[in-house]
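**Q** Got a sequence here, can you build the structure:
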Amino acid sequence: MAYHDEEWGVPVYDDKTLFEFLLLETFQAGLSWITILRKRENFRNAFDGFDYKKIAKYDETKISALLEDTGIIRNKLKVRSAVTNAQAFMEIQKEFGSFSNYIWKFTDGNPIINNFKSMKEVPANTALSDAISKDLKKRGFKFVGSTVIYANMQATGMVNDHAVYCFRHNEVR
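**A** Okay, here's the model as predicted:
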């Protein structure tokens, strides 16, 4: 509830926070978000505070240690993708000045405000999440399918998918 009431859907422009959400979303693929939220602090500790510069340099010893860490999701492909994605994240920063500049260009820097009357109306993905997913994959990212990207867009406030009856709908505008 605190995550919904304080974080979900609030526009994020800080690269460190954007990386944190992206890393968590990639680990969430195929699992429930509550599973990841319950392990969020374990992920923070295991992944050096979500410091993408450190994660990009993880070696086999660190990867092996992560795969033994019962506090996180110990999926070999997802752990390795964290390293790959950190490296690709930094390449985007070099090209665009920041990851924020890159990702927010897809919405011209402004959140997309949806006016759903029911959570049943909220899509799992959109043409925009398809396009972002495709571009990220082209740039070497892993576990960034369209559904993962749409969930990330919701979490980071690129889209406001709070239903119109939710008190947060107007607060995050």
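**Q** Nearest residue to residue 103 in space, please, no chain neighbours.
**A** In space, residue 103 comes closest to residue 18 once its chain neighbours are excluded; the distance is 6.6 Å by CB to CB, 6 or more residues apart in numbering. Bear in mind the C-beta positions are built from the backbone N, C-alpha and C, glycine included.
**Q** how about that neighbour, what does it touch?
**A** Residue 18 is in contact with 12, 99, 100, 103, 156, counting by CB atoms under 8 Å, 6 or more residues apart in numbering.
**Q** Next, count neighbours for the second one.
**A** For residue 99, the tally of surrounding residues (other CB atoms under 10 Å) stands at 23.
**Q** just to revisit the earlier point, for the contacts of residue 18, pick the one with the most neighbours.
**A** Neighbour-wise, those (other CB under 10 Å) top out at residue 156, 26 neighbours.
**Q** so that residue sits right up against residue 12, yeah?
**A** Yes - judged on CB atoms under 8 Å, residue 156 makes contact with residue 12 at a distance of 4.2 Å.
**Q** Just the ones of the contacts of residue 18 in helices?
**A** Judged by DSSP state H, those include 99, 100, 103 as members of helices.
**Q** with those residues in mind, which one is nearest to residue 63?
**A** Nearest to residue 63 among the ones in helices among the contacts of residue 18, counting by CB to CB, is residue 99 at 22.8 Å.
**Q** So the closest one sits against residue 88, correct?
**A** No - using CB under 8 Å, residue 99 is not in contact with residue 88, being 9.7 Å away.
**Q** Just give the number of residues close to the closest residue to residue 124 other than its chain neighbours.
**A** Excluding the flanking residues, the one nearest residue 124 by CB to CB, 6+ apart is residue 147, at 5.0 Å. A count of nearby residues for residue 147, using other CB under 10 Å, gives 17.
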